[in-house]
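1. pasting the sequence and the predicted coordinates here, then a few questions.
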Amino acid sequence: MPVEEVVTAQELEALIGPLCREEQLELVAVQVAGRAGRPFIRVLIDHRDGPVNIDECTGLARGIQDLLDSARRPLPDYRLEVSSPGIDWPLTYEWQFRKNTGRWVSWTDREGVRIEGRLIEVSEGRVTIEMEGESVEMPISTIAGAKVFLPRPKVRNRPVTGQRMKRKTK
């Protein structure tokens, strides 16, 4: 029996959502995987304006366990993970774009065009990104996938691998 027949992500979202709101947390995603005899439940949470700390994850995990253990249809033995989405999780909501203003982002629009640059503004469902000194604005609704990334530092005058740099002598 597939795990989805035991519990669905949508059912868990409906159950967990009010608990997250009570704790002033945003429920970013709920994923259910594994087998029906031992489902793996991953809950991703965030704040609109700052990072999530380990105590918040632990407290919410305990609250979720209490909810699941007292549900009308108790789950079989399950594994639960509660964490923040991390840098590689896609930006979906306007508040996520706003929270990452000033960071480097990479996104693909609905036509498959990939754009990279620094996110400089988010306002009324639109984002502005700066790339190569030019600003590009577009509606969030046209973005198919966006992620924050760390740009590689530019290294100049680096020796070729395997060669040593010569010391300057006076």
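-> Cool, got the structure. Not measured: the values here are computed from a predicted model. Numbers count the residues shown, from 1 in each chain.
2. show the contacting residues for residue 78.
-> By Cβ atoms under 8 Å, 6 or more residues apart in numbering, the contact set of residue 78 is 38, 39, 40, 41, 68. To be clear about C-beta, it is placed using only N, CA and C from the backbone, and glycine gets the same treatment.
3. of these, which belong to strands?
-> 38, 39, 40, 41 (DSSP state E).
4. now do the SS call for the closest residue to the first one other than its chain neighbours.
-> In other words, residue 38. Ranked by Cβ to Cβ, 6 or more residues apart in numbering and with sequence neighbours excluded, the top spatial neighbour of residue 38 is residue 77, at 5.2 Å. With DSSP: H, G, I helix; E, B strand; the rest coil as the basis, residue 77 sits in coil.
5. now do residue 77 against residue 105, distance only.
-> Counting by Cβ to Cβ, to the nearest Å, the gap from residue 77 to residue 105 is 40 Å.
6. what about the two, which has more around it?
-> Comparing residue 77 with residue 105 by other Cβ atoms under 10 Å, the one with more neighbours is residue 105, at 20 against 7.
7. how distant is the strand or helix carrying that one from the center of its chain?
-> Element membership of residue 105, judged by DSSP states H and E, is strand 104-109. The chain centroid and the centroid of strand 104-109 are separated by 14 Å, computed with Cα atoms, centre = their mean, to the nearest Å.
8. and if you look at stretch 25-43?
-> That offset, for stretch 25-43, works out to 15 Å (Cα atoms, centre = their mean).
9. again with stretch 134-147
-> The chain centroid and the centroid of stretch 134-147 are separated by 17 Å under Cα atoms, centre = their mean.
10. do stretch 114-121 as well
-> 17 Å.
11. send me that stretch as PDB with only the CA atoms.
-> The C-alpha coordinates for stretch 114-121 follow below in PDB (Å, rounded to 0.1, in the frame of the first residue of the first chain):
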ATOM      1  CA  ARG A 114      17.100  31.900 -17.100                       C
ATOM      2  CA  ILE A 115      17.900  35.100 -15.300                       C
ATOM      3  CA  GLU A 116      20.600  35.600 -12.600                       C
ATOM      4  CA  GLY A 117      21.300  38.800 -10.600                       C
ATOM      5  CA  ARG A 118      20.800  40.600  -7.300                       C
ATOM      6  CA  LEU A 119      17.200  40.900  -6.100                       C
ATOM      7  CA  ILE A 120      16.800  44.600  -5.300                       C
ATOM      8  CA  GLU A 121      13.100  45.200  -4.800                       C
END
